[in-house]
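Asks: Predicted coordinates and the sequence they were generated for:
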Amino acid sequence: MTESINRVAVVTGGSRGIGAAIVRRLASKGVHVAFTYANNGGAAERTMAEVREAGGSAKAYAADAGDASAIQDVVHRVSSETGRLDIMVANAGIMLAGPPGDVSIDAFDRLMAVNVRGVFFAATAAARVMPEGGRIISIGSCLAERSAGPGTTAYTLTKAALVGMTRGLAYDFAPRGITVNLVHPGPTDTDMNPAASERAAQQRTKIALGRYGSADEIASAVAYLASPAASFITGAALAVDGGFAA
Ligand code: NDP
């Protein structure tokens, strides 16, 4: 609690799944967490209530991650309201599966807007107001390291783009003492990829540990990268995938 007291974080896509677990985990460490969501105000309310019941502090903002100016606005509002911003977790992402020839131009553009452009502008807006010691962490995917089958090319290329973005921004923000890292989750039990679904059985065969991860297991890695203990890690991609890429 003491190591991070008074710190402020923004987590994009924090109403459900991995993002909600990250919100709860950072809040449990004394961080005030501002998080965004797309449409699901009920889920955002539930995440805020869980944080507050546990004695933490969180506030939700409706902001489409595909709208770069909306993210910049949230960062500006949070840093103005709280007087600081120490941690940015760019987690919001959407999935698109199916044959590449069936991907429409609009669907491709939407995927890029949420999964790549939104992450870039979340990171750059945050860095503008962060002090030395700031932390930028993005959520990629194990598919960025190992394309384990057909039908995910468009999604995979957005997550692979984050590898280059992370390495570049690590250099760009290093002079200011801000670290930039990427977490690659493996198949993780959320609404996006339920462990009980039919396609889960096939995914499980590719995971060395033979099981899905939990959102809390991804949050553990993010909390570590956000902590002072990770001060010498930047430009890195950390696989939290049960051995999917092994
Ligand atoms: P979920 O679909 O379960 O949850 C998505 C969250 O992001 C929700 O809070 C949702 O808000 C929010 N969100 C979605 N689109 C937008 C948007 N345009 N603007 C703002 N918020 C948005 O996803 P996961 O928790 O499973 O995934 C989180 C991240 O992890 C994603 O980047 C995903 O690609 C990545 N990932 C997930 C894996 C998995 O197996 N689950 C594996 C590898 C990577 P709302 O509630 O309003 O809809």
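Replies: Good, I have the coordinates.
Asks: Show the backbone phi and psi for the nearest residue in space to Glu217 that is not next to it in sequence.
Replies: Excluding the flanking residues, the one nearest Glu217 by CB to CB, 6 or more residues apart in numbering is Val240, at 6.4 Å. For glycine as for every other residue, the C-beta is placed from the backbone atoms N, C-alpha and C. With angles defined as degrees, to the nearest 10, Val240 sits at phi -120, psi 70.
Asks: Near Val240, how many residues? Count them for me, please.
Replies: For Val240, the neighbour count with other CB atoms under 10 Å is 20.
Asks: now check stretch 31-40, is it near the ligand?
Replies: Yes - contact between stretch 31-40 and the ligand is present through 36-40 (criterion: CB under 6 Å from any ligand atom).
Asks: Give me the distance between the two termini of that stretch.
Replies: One end of stretch 31-40 sits 23 Å from the other (CA to CA, to the nearest Å).
Asks: One more: stretch 23-41?
Replies: Terminal-residue distance, stretch 23-41 (CA to CA): 15 Å.
Asks: Longest helix in this protein, please.
Replies: In the chain, assigned by DSSP state H, the helix with the most residues is helix 153-173.
Asks: List every C-alpha atom in the next helix or strand after it, with coordinates, as PDB.
Replies: Per DSSP states H and E, the first helix or strand lying C-terminal to helix 153-173 is strand 179-185. Extracted in PDB, the C-alpha atoms of strand 179-185 (Å, rounded to 0.1, in the frame of the first residue of the first chain):
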ATOM      1  CA  THR A 179       9.200   3.300 -18.700                       C
ATOM      2  CA  VAL A 180       7.100   1.800 -21.500                       C
ATOM      3  CA  ASN A 181       6.300  -1.900 -21.500                       C
ATOM      4  CA  LEU A 182       3.900  -4.400 -23.000                       C
ATOM      5  CA  VAL A 183       2.100  -7.400 -21.500                       C
ATOM      6  CA  HIS A 184       1.100 -10.300 -23.800                       C
ATOM      7  CA  PRO A 185      -1.700 -12.300 -22.100                       C
END
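Asks: so what's the backbone phi/psi at the nearest residue to Thr179 once chain neighbours are set aside?
Replies: Computed as CB to CB, 6+ apart, the closest residue to Thr179 that is not its neighbour in sequence is Thr234, at 4.0 Å. In terms of degrees, to the nearest 10, the main-chain angles of Thr234 are phi -150, psi 150.
Asks: mind listing what Gly14 touches?
Replies: Contacts for Gly14 were tallied using CB atoms under 8 Å, 6 or more residues apart in numbering; they are 20, 22-23, 33, 35-37, 44, 47, 58, 60, 91.
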